[in-house]
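Visitor: The following comprises the amino acid sequence and a computationally predicted model.
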Amino acid sequence: MRIRLQRDIDRLKKRIIELGTLVEERYTMAVKAIECRDIELARKVILGDIDIDRMEVDLEEECLKILALHQPVADQLRYIVAVLKLNNDLERIGDLAVNIAQRLEFSTVSKDAPIPFDYFTMCQRVEEMLRNALDSLVNMDLDLAYQVCAADDEVDFMKHMMQSQFLQKVREHSGDLEQLINLFLISRHLERIGDHATNIAEDVIYMITGQIHRHRGDEFAAAASDTEAIRQDGP
């Protein structure tokens with residue numbers, strides 16, 4: 001019975017990593033579509049969302065089946081509970097990648113028109129958070145999970161800066177208002193992806209330590225700072 005449970009959990013691990021890889025890929029495609037004003041690539045992201053939705057439902061059903069059949073306890077129960085939560089976060093990131101792609105579909109801007117907001121730095125930072133969150137899951141890396149949580153404040157700050165720029169341009173009646181709104185909404189979607197990446201990292205921390213670490217921003221920042229100091233000092 002225990003051997004079969006472990007086999008089912010191993011299969012669950014493989015499937016959640018596959019979902020994470022697909023979600024990261026769709027996010028990268030959505031950002032590239034905006035950068036290159038590639039409407040066909042944006043449509044691939046939008047149409048491909050059904051694959052993520054299907055995988056999310058299948059994973060949830062698999063988790064519930066394991067709980068019903070095996071009634072796991074301790075570390076194995078904690079892992080399954082965490083997978084249920086981060087499964088939902090991954091599906092939401094997929095939805096937000098679709099939302100980013102749709103900003104291009106709704107946009108009327110020409111391919112050569114300048115973009116008034118520098119949100120590509122924000123794109124890169126969020127991509128790093130998502131990649132590190134998934135790496136922390138694959139490798140059960142506690143330090144990396146703490147770093148993801150600490151980085152969330154930086155992404156929030158970038159979004160607030162972009163909001164200020166947006167409001168200034170609206171006051172100045174500078175540029176196409178519809179286009180400005182579409183571009184500003186991208187920053188909101190990026191911030192939410194950063195939030196979900198943080199949720200995934202928090203779930204990894206829960207898997208490893210058994211402690212719930214939501215709403216502990218100062219502790220995350222301190223833990224990430226300690227980790228960085230250790231790396232700089234060396235062994």
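Guide: Now that the structure is in, tell me what you want to look at. Numbers count the residues shown, from 1 in each chain.
Visitor: so who does the most centrally placed residue in the chain touch?
Guide: Per Cα atoms, centre = their mean, the C-alpha nearest to the average position across the chain is that of residue 197, at 3.7 Å. If you count contacts by Cβ atoms under 8 Å, 6 or more residues apart in numbering, residue 197 has them with 89, 93, 126, 129, 130, 132, 133, 148, 152. C-beta here means a position set from N, CA and C on the backbone, and glycine is covered the same way.
Visitor: which stretches of the chain have low pLDDT?
Guide: In the prediction, the chain carries residues with pLDDT under 70 at positions 1, 107-117, 174-176, 214-235.
Visitor: redo that, cut-off 50
Guide: Along the chain, the parts satisfying pLDDT under 50 run over 227-235.
Visitor: and the residue lying closest to residue 185 once chain neighbours are set aside, what element?
Guide: Beyond its immediate neighbours in the sequence, the residue positioned closest to residue 185 (Cβ to Cβ, 6 or more residues apart in numbering) is residue 103, lying 5.9 Å away. Residue 103 is part of helix 74-106 when elements are defined by DSSP states H and E.
Visitor: Off-centre distance for that helix?
Guide: For helix 74-106, the separation from the chain centroid amounts to 7 Å (computed by Cα atoms, centre = their mean, to the nearest Å).
Visitor: What residues of it count as buried?
Guide: 76, 78-80, 82-84, 86-87, 89-104 (16 or more other Cβ atoms under 10 Å).
Visitor: what are the ranges of the helices in the protein?
Guide: Residue ranges of the helices in the chain, as given by DSSP state H, are 2-36, 39-47, 49-70, 74-106, 120-139, 142-171, 177-209, 217-233.
Visitor: Show me what the shortest one is packed against.
Guide: Contact partners of helix 39-47 among helices and strands, from 3 or more Cβ pairs under 8 Å, 6 or more residues apart in numbering; DSSP states H and E: helix 2-36, helix 74-106.
Visitor: now those helices in CSV, with distance to residue 56?
Guide: Shown next, in CSV, are the helices and strands packed on helix 39-47 (distance: least, Cβ to Cβ, whole Å):
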stretch, distance to residue 56
helix 2-36, 7
helix 74-106, 4
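Visitor: returning to that earlier point: the helix holding residue 103 to helix 39-47, inter-axis angle?
Guide: Using axes from the mean of the first three to the mean of the last three Cα atoms, to 10 degrees, the direction of helix 74-106 lies 140 degrees away from that of helix 39-47.
Visitor: Packing partners of helix 74-106?
Guide: helix 2-36, helix 39-47, helix 49-70, helix 177-209.
Visitor: Now do that helix against helix 49-70, angle only.
Guide: 170 degrees.
Visitor: on that earlier part again, isn't the residue nearest to residue 185 right up against residue 188?
Guide: No. Under the contact definition of Cβ atoms under 8 Å, residue 103 does not touch residue 188, with a separation of 10.1 Å.
Visitor: so how many other residues sit close to residue 43?
Guide: Residue 43 sits with 15 neighbouring residues when counted by other Cβ atoms under 10 Å.
Visitor: For it, which residues are in contact?
Guide: Taking Cβ under 8 Å, 6+ apart as the contact definition, residue 43 lies against 101, 105.
Visitor: gap between it and residue 31?
Guide: For residue 43, the distance to residue 31 (Cβ to Cβ, to the nearest Å) stands at 15 Å.
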